[in-house]
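Participant: coords please:
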Amino acid sequence: IASTKQGSVIKFANVSDMRASSHESAVYNFLGLNHSNTSLSSKEVREAINLAVNRDKIVDDIFAGNAETATAPMRKDWFINTASKKKIEADLGSAERLLLKNEWKKRNGIYSKTIENTFQNLEFDLLVNKDNSARVNMAKSIKFDLESTGFKINVIPVVYDDYINRIQNGQYEMFIGSIK
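Facilitator: This is a model prediction of the structure:
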């Protein structure tokens with residue numbers, strides 16, 4: 001979702017003897033999806049999620065503008081990165097139109113559909129390491145965006161060891177992760 005932006009500097013108020021410097025980082029934060037989940041294996045659902053998440057708001061509100069949006073786990077200016085040059089803008093209307101076009105129906109504010117003879121709601125648990133405040137805030141922001149579109153998101157904050165174990169064992173629907 002966001003990686004550190006070159007030239008970012010955190011400003012400290014009323015600290016005259018402190019010097020701030022910035023450095024570029026290769027940290028890439030992302031929303032992980034479990035494709036074993038019937039609804040999340042649906043291309044239109046993943047595309048709707050992609051359209052609904054407001055990356056710019058995450059960068060501004062959580063990283064105080066000291067990051068940049070990303071569409072792939074590599075910097076936009078790397079020569080090898082040809083697929084992620086285009087910025088994805090949040091567009092809740094397009095996300096909803098995509099779901100409607102693919103026969104999802106909104107019931108009680110949540111989209112649902114029968115897939116493979118099983119009724120599916122777009123309701124998911126979003127796993128997050130509760131010890132990482134930036135990730136917890138990212139989860140809350142993503143929850144807000146997705147619920148504004150017609151998803152139901154349950155943020156599940158857990159301690160780090162449980163977080164890692166659940167991801168390694170595939171016991172998640174969505175999670176906030178990072179690559180360093």
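Participant: Torsion angles phi and psi at the most centrally placed residue in the chain?
Facilitator: Nearest residue to the geometric centre of the chain (CA atoms, centre = their mean): residue 31, 3.8 Å. The phi and psi torsions at residue 31 (degrees, to the nearest 10) take the values phi -100, psi 110.
Participant: count of neighbours near residue 179?
Facilitator: Residues contacting residue 179 under the criterion other CB atoms under 10 Å number 11. For every residue, glycine as well, the C-beta is placed using N, CA and C.
Participant: From residue 51, how far out is it?
Facilitator: According to CB to CB, to the nearest Å, residue 179 stands 23 Å off from residue 51.
Participant: now residue 68
Facilitator: 19 Å.
Participant: try residue 170
Facilitator: Note on residue 170: its distance to residue 51, by CB to CB, is 26 Å.
Participant: Out of those two, name the residue with the larger neighbour count.
Facilitator: residue 51 (22 against 9).
Participant: wait, isn't that one in contact with residue 90?
Facilitator: Yes: using CB atoms under 8 Å as the test, residue 51 is close enough to residue 90 to be in contact (6.9 Å).
Participant: which residue sits closest to residue 113, ignoring its sequence neighbours?
Facilitator: residue 104 (4.8 Å; CB to CB, 6 or more residues apart in numbering).
Participant: what's the neighbour count on the one you found?
Facilitator: There are 24 residues near residue 104, going by other CB under 10 Å.
Participant: didn't it look like it was pressed against residue 110?
Facilitator: No: using CB under 8 Å, residue 104 is not in contact with residue 110; the gap is 9.7 Å.
Participant: ok, the residue nearest to residue 113 - contacts?
Facilitator: By CB atoms under 8 Å, 6 or more residues apart in numbering, residue 104 lies in contact with 44, 111, 112, 113, 122, 150.
Participant: mind redoing it with 7 Å?
Facilitator: Contact partners of residue 104, counting by CB atoms under 7 Å, 6 or more residues apart in numbering, are 111, 112, 113.
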